[in-house]
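>>> from the sequence below, what's the structure:
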Amino acid sequence: MTFNISPTNILRKTIPILLFISILVKINADLYYYSNAIYPSWSSMRHILVVVIIGISFIVYIGLPVDNRGKWKKPMTIALGFAISYVVISVFMAVRLNKPFTRAIEMSFLQTSSIILAFFFINIFSKKEISRLMRAIFILFTVQYIISHLDRLLVPQNFLEISFFDSYSPFESSALSGYIYGMLVYFTMFDENKFFIYASFIMNFLVFKRINVLVSIFLVIFGRKISYEKNISNSLKWFVIILFTILPIIQYHAMLGSGIDFILQIFPRFDVQGLLMGRNWYLNTLLNSNYESYGLGSSGTELYSLLTHTGIELDGIVMYLEMGLYGLFGASFTWWNITEMKLKNFVIILIFMVNYLTSSQLTDTYAVFFNLLTVALITNYGRLDEKEEQSVDYALEYQM
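Here you go, the predicted model:
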């Protein structure tokens, strides 16, 4: 019998445990927020635990044999490079306007923590270990959802009230939608276990975010048919980098009063307000307050002081407001380089970038982490059952 009792291995075993605890804290803090419009005092534990997990992962990582380090290093390095530059620029902007810059550091960490975690996980754990972990986390999400929505699930009439066109469902869960969608991406694009594919599809329908439901249908039908061996061209990569640098600027001007008037002149019956769900009002309220950017997090901070509202909830526009054209290019360059030219990864990031234009997700560490971990797995292994990797000795072993 073999026992692995080194400090490195003990720390390694604690990472999934802390991840479970952190996710539970995050979900329940979000559920509390959506019910009470305020986060509980203990919700700060979610951020502390992310820092602890990253710290332990770093210790384990540097204890690995040199030959077993460095998977997925390039995407992580590019992301950290831009993140550091955002903080430096934000500090200069904040000092110039005599504003605090601590929020910029916090936002930069939140936006990069998912990438750092994906880098450490792909290096520390085997694909089989990650598979077991992801399946366990999905079960955790399912149980959590059933507990929090049991009273509604037990009423048959509620199922008849689901309306895709009105974007309404009694079972909707904003607190869980991003995580369950990330699970579906993993199961359809890498794991390919049929039970978990269909189970995650059903859960995505129940939590009911319209874009995620549509994407779920696409992924279940076509996800496994997309070849992990096919690459995209360099010209296509640069086209989408430039395109997603420009699109938030167009979107920004379209949401101004003059932009909406122009749209209504062309499409007089178009329900612009229904589509924007008030986000244009938040944007214009911020601009009318003589807002001047002082770096990452500044628009959310100022809007919160005006309306007790956390932000505009459109990542592309927020990046444009806070960091200008450089921020838009940096974000687009970072995320499209994460594909590593793989077609499957391109599809995942394309969907991610559509959400970048239509919602707020960059600072939701675990929702983004599940997507990025899938991308990293595809880059390094193709799919779960493609090939067996060589075993790695993470610590000293004792024979009995």
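
>>> give me the low-pLDDT residue ranges for the chain?
1-5, 165-166, 261, 263-264, 267-277, 309-310, 386-400 (pLDDT under 70).

>>> longest single helix anywhere in this protein?
Secondary structure of the chain per DSSP state H: the longest helix is helix 7-36.

>>> the following helix or strand past that helix: which residues count as buried?
Proceeding N to C from helix 7-36, the next assigned helix or strand is helix 45-62, under DSSP states H and E. Under the neighbour-count criterion of 16 or more other Cβ atoms under 10 Å, helix 45-62 has 45-47, 49-50, 52-54, 56-57, 60-61 buried. Just so you know, the C-beta spots here come from the backbone N, C-alpha and C atoms, and that holds for glycine as well.

>>> just stretch 282-293 next, same as before
Buried-residue list, stretch 282-293, by 16+ other Cβ under 10 Å: 282-283, 285-286, 291, 293.

>>> now, the residues you listed that are in helices?
282-283, 285-286.

>>> could you measure from Ile162 over to Ile180?
Going from Ile162 to Ile180 by Cβ to Cβ, to the nearest Å gives 17 Å.

>>> neighbour-wise, which of those two wins?
Ile180 (28 against 15; other Cβ atoms under 10 Å).

>>> residues near Leu350, how many?
14.

>>> can you check Ser44 too?
Neighbours of Ser44 (other Cβ under 10 Å): 12.

>>> and if you look at Gly311?
20.

>>> so what's it up against?
Residues in contact with Gly311 (Cβ atoms under 8 Å, 6 or more residues apart in numbering) are 282, 299-300, 303-304, 318, 360.

>>> sec struct for it, please.
Assigned by DSSP: H, G, I helix; E, B strand; the rest coil, the conformation of Gly311 is coil.

>>> likewise for Ser360?
For Ser360, the secondary-structure state derived from three-state DSSP is coil.

>>> next one: phi and psi at the residue nearest to Glu161 when sequence neighbours are not counted?
Nearest non-adjacent residue to Glu161, counting by Cβ to Cβ, 6 or more residues apart in numbering: Pro170, 5.7 Å away. Per-residue torsions, Pro170: phi -60, psi -20 (degrees, to the nearest 10).

>>> from His149, how far out is Pro170?
Separation of Pro170 from His149 (Cβ to Cβ): 8 Å.

>>> ok, back up a step: buried ones in the longest helix of the chain, by neighbour count?
So for helix 7-36, counting by 16+ other Cβ under 10 Å, buried means 8-9, 11-12, 15-16, 19, 22-23, 25-33.

>>> what does the helix or strand harbouring His253 contact?
His253 belongs to helix 234-254 when assigned by DSSP H and E. Identification of contacts with helix 234-254 by Cβ under 8 Å, 6+ apart yields 259-260, 262-263, 283, 314, 316-317, 319-321, 325, 328-329, 331-333, 335-337, 339, 341, 346, 350, 353, 356-357.

>>> for Leu133, which non-adjacent residue is closest in space?
Excluding the flanking residues, the one nearest Leu133 by Cβ to Cβ, 6+ apart is Pro16, at 5.4 Å.

>>> scratch that, Tyr145 is what I was asking about
Using Cβ to Cβ, 6+ apart and skipping residues adjacent in sequence, the residue nearest Tyr145 is Leu176, 5.5 Å away.

>>> returning to that earlier point: just the buried residues of the contacts of Gly311.
Buried members of the contacts of Gly311, scored by 16+ other Cβ under 10 Å, are 282, 299-300, 303, 318, 360.

>>> can you get me a residue count around the residue nearest to Tyr145?
Leu176 has 24 neighbours, counted by other Cβ under 10 Å.

>>> now do the contacts for it.
Leu176 neighbours (Cβ under 8 Å, 6+ apart): 27, 30, 141, 144-145, 207.

>>> over to Tyr34?
174-175 are the contacts of Tyr34 under Cβ under 8 Å, 6+ apart.

>>> show me where the stretch 251-400 of the chain has helices.
257-266, 272-276, 279-288, 298-307, 315-337, 343-358, 365-381 (DSSP state H, counting those that start in this stretch).

>>> out of these, which gets nearest to Phe125?
Phe125 lies closest, by Cβ to Cβ, to one member of the helices of the stretch 251-400 of the chain: helix 365-381, at 9.9 Å.
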